[in-house]
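Trainee: Provided below are the primary sequence and the corresponding predicted coordinates.
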Amino acid sequence: MSTVIVRLPASRPRRYDIRIEPGLLGQLGACVTRLTGGRYRFAVVISDSTVGPLYGRAAIRSLAAADIRAELLTFPAGEAHKTIASAQRLWDGLARLPVERATPVIALGGGVAGDVAGFVAACYLRGLPVVQVPTTLLACVDSSVGGKTGVDHPVAGKNSIGAFHQPIGVLIDPLLLASLPQREWSCGLAESVKHGVALDAKFFAWLKSHADELADIARRPNRRVAESADLLVRLIRWNCRIKAAVVSADERESGLRSVLNFGHTVGHAIEALAGFGRLHHGEAVGIGMMVATRIAVARGLADAKLADELGSLLDRLGLPAAVPGRLPAGEIVRWTKKDKKVRGGAVRFVLPAGIGRTKIVNDVSAEEISRAIEASR
Ligand SMILES: NC(=O)c1ccc[n+]([C@@H]2O[C@H](COP(=O)([O-])OP(=O)(O)OC[C@H]3O[C@@H](n4cnc5c(N)ncnc54)[C@H](O)[C@@H]3O)[C@@H](O)[C@H]2O)c1
Ligand SMILES: [Zn+2]
């Protein structure tokens with residue numbers, strides 16, 4: 001069993017553990033009992049319409065074995081349903097149940113379910129405790145850690161309505177990734193690449209040397225993740241350590257944490273413009289990292305070979321690196337201005353300054369972005 005600790009000097013809880021262990025879903029009840037001090041005999045599992053039928057029953061069974069009665073609430077799967085309408089229906093569901101201020105909510109699913117369930121819990125009765133149980137690689141390596149929750153808005157954009165709400169624990173069972181579609185697998189690897197390029201050169205080198213093995217897991221017919229459990233635990237643990245360190249240093253994104261937005265300024269724009277769900281989040285982030293890297297290269301901040309290295313790693317991991325031809329550069333640039341990272345009208349960009357190092361700038365011109373987009377077609 002591996003544990004990564006997230007320390008939060010300025011908030012409550014002041015720390016929580018990320019536990020990574022094959023088969024952990026079977027211990028959900030025991031874990032929730034420990035996390036809540038055994039005081040609550042009722043819990044709500046929130047999941048989406050794909051993951052609920054796959055793992056909801058096992059979650060409820062494990063809770064029942066620990067004498068915790070649980071109800072499963074689901075909402076339709078996919079980024080298109082990461083909306084306030086889904087949150088509203090889940091609040092309606094909570095209102096029909098015997099939910100009290102301290103009733104634990106188990107967020108079971110990928111980044112969408114984790115963000116929606118986290119947001120629903122953050123607002124209901126001004127905050128129910130949440131245990132994140134991620135079921136996509138992206139959620140295991142990124143979204144389940146750090147307490148960012150929220151939903152998208154059709155005009156204001158991705159994650160524009162949300163709250164910081166730290167979980168009381170994160171329970172990662174890599175065996176749940178066995179059913180993950182290949183495309184989703186690659187998306188999780190994209191956020192891993194982000195961690196490497198932005199923060200940890202050693203991790204980037206490790207990803208390069210294990211790229212074929214990691215991509216191969218996704219290609220296996222029934223995913224047979226158990227055979228690669230050690231590699232997966234290593235991958236997830238390394239990512240969680242990187243993210244935990246960043247979140248501990250800057251919980252509310254007033255500084256360091258914004259480096260995790262590497263690839264996301266343009267990524268969010270093309271994800272939204274392609275139509276939420278068409279281009280998956282991790283795919284859009286991969287393309288966004290390419291564009292940001294090309295801006296950095298054009299400015300002389302990074303060496304041209306970084307763009308080649310990143311492009312070839314994305315390719316080996318089964319990720320697109322090119323901006324879709326049908327998305328006009330002008331529209332992408334306009335959309336980036338709506339991003340939450342805009343401060344005082346200027347778009348903030350996280351640019352790589354080599355591997356493992358970044359520079360945050362707010363003077364990237366529309367022409368620079370357009371040129372980098374065209375060079376990335
Ligand atoms: N909160 C954060 O810090 C943070 C960080 C990164 C990304 N995100 C958010 O995460 C979201 C993307 O997350 P995602 O890529 O996990 O998407 P997702 O949650 O939509 O999952 C992708 C698809 O896989 C399905 N699925 C999930 N687990 C499965 C499993 N084990 N087996 C089979 N199918 C499974 C889902 O039902 C969905 O259809 C975006 O909305 C993004 O904004 C949040
Ligand atoms: Zn992301």
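Mentor: Everything's here; your move. Numbering: from 1, shown residues only. Ligands and ions are numbered 1, 2, ... in the order given.

Trainee: tell me the contacts of the closest residue to residue 172 other than its chain neighbours?
Mentor: Leaving aside its sequence neighbours, residue 172 sits nearest to residue 20 (C-beta to C-beta, 6 or more residues apart in numbering; 4.5 Å). In short, each C-beta sits where N, CA and C put it, glycine included. Residues in contact with residue 20 (C-beta atoms under 8 Å, 6 or more residues apart in numbering) are 1, 2, 3, 4, 140, 172, 174, 233, 236, 237, 240.

Trainee: can you redo these as TSV with pLDDT and distance to residue 45?
Mentor: Formatted as TSV, the contacts of residue 20 follow (pLDDT from 0 to 100; distance: C-beta to C-beta, whole Å):
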residue	pLDDT	distance to residue 45
1	79	23
2	95	24
3	97	23
4	97	23
140	98	18
172	98	16
174	97	20
233	97	24
236	98	22
237	98	25
240	98	22
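
Trainee: from those, which single one is nearest ligand 1?
Mentor: Closest to ligand 1 out of the contacts of residue 20 is residue 140 (8.8 Å), distances taken as C-beta to the nearest ligand atom.

Trainee: Enumerate the positions of the lengthiest helix in the chain that are buried.
Mentor: In terms of residue count, the longest helix belonging to the chain (DSSP state H) is helix 229-249. For helix 229-249, the neighbour count (16 or more other C-beta atoms under 10 Å) marks 232-233, 235-248 as buried.

Trainee: ditto for stretch 166-179
Mentor: By 16+ other C-beta under 10 Å, the buried positions in stretch 166-179 come out as 166, 167, 168, 169, 170, 171, 172, 173, 174, 175, 176, 177.

Trainee: is any part of that stretch close to ligand 1?
Mentor: Yes - using C-beta under 6 Å from any ligand atom, stretch 166-179 reaches ligand 1 at 176, 177, 179.

Trainee: before we move on, back to that, output the longest helix of the chain as CSV, restricted to C-alpha atoms.
Mentor: Listed next in CSV are the C-alpha coordinates belonging to helix 229-249 (Å, rounded to 0.1, in the frame of the first residue of the first chain):
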residue,chain,number,x,y,z
ALA,A,229,-0.3,-3.0,-11.0
ASP,A,230,3.2,-2.1,-9.8
LEU,A,231,3.9,0.2,-12.7
LEU,A,232,0.5,1.8,-12.3
VAL,A,233,1.0,2.4,-8.5
ARG,A,234,4.3,4.0,-9.3
LEU,A,235,2.9,6.3,-12.0
ILE,A,236,0.0,7.3,-9.8
ARG,A,237,2.1,7.8,-6.7
TRP,A,238,4.6,10.0,-8.5
ASN,A,239,1.9,12.2,-9.9
CYS,A,240,0.1,12.4,-6.6
ARG,A,241,3.4,13.4,-4.9
ILE,A,242,3.9,16.2,-7.4
LYS,A,243,0.4,17.5,-7.1
ALA,A,244,0.3,17.1,-3.3
ALA,A,245,3.5,19.2,-3.0
VAL,A,246,2.0,22.0,-5.2
VAL,A,247,-1.3,22.0,-3.4
SER,A,248,0.4,22.0,0.0
ALA,A,249,2.4,25.0,-1.0
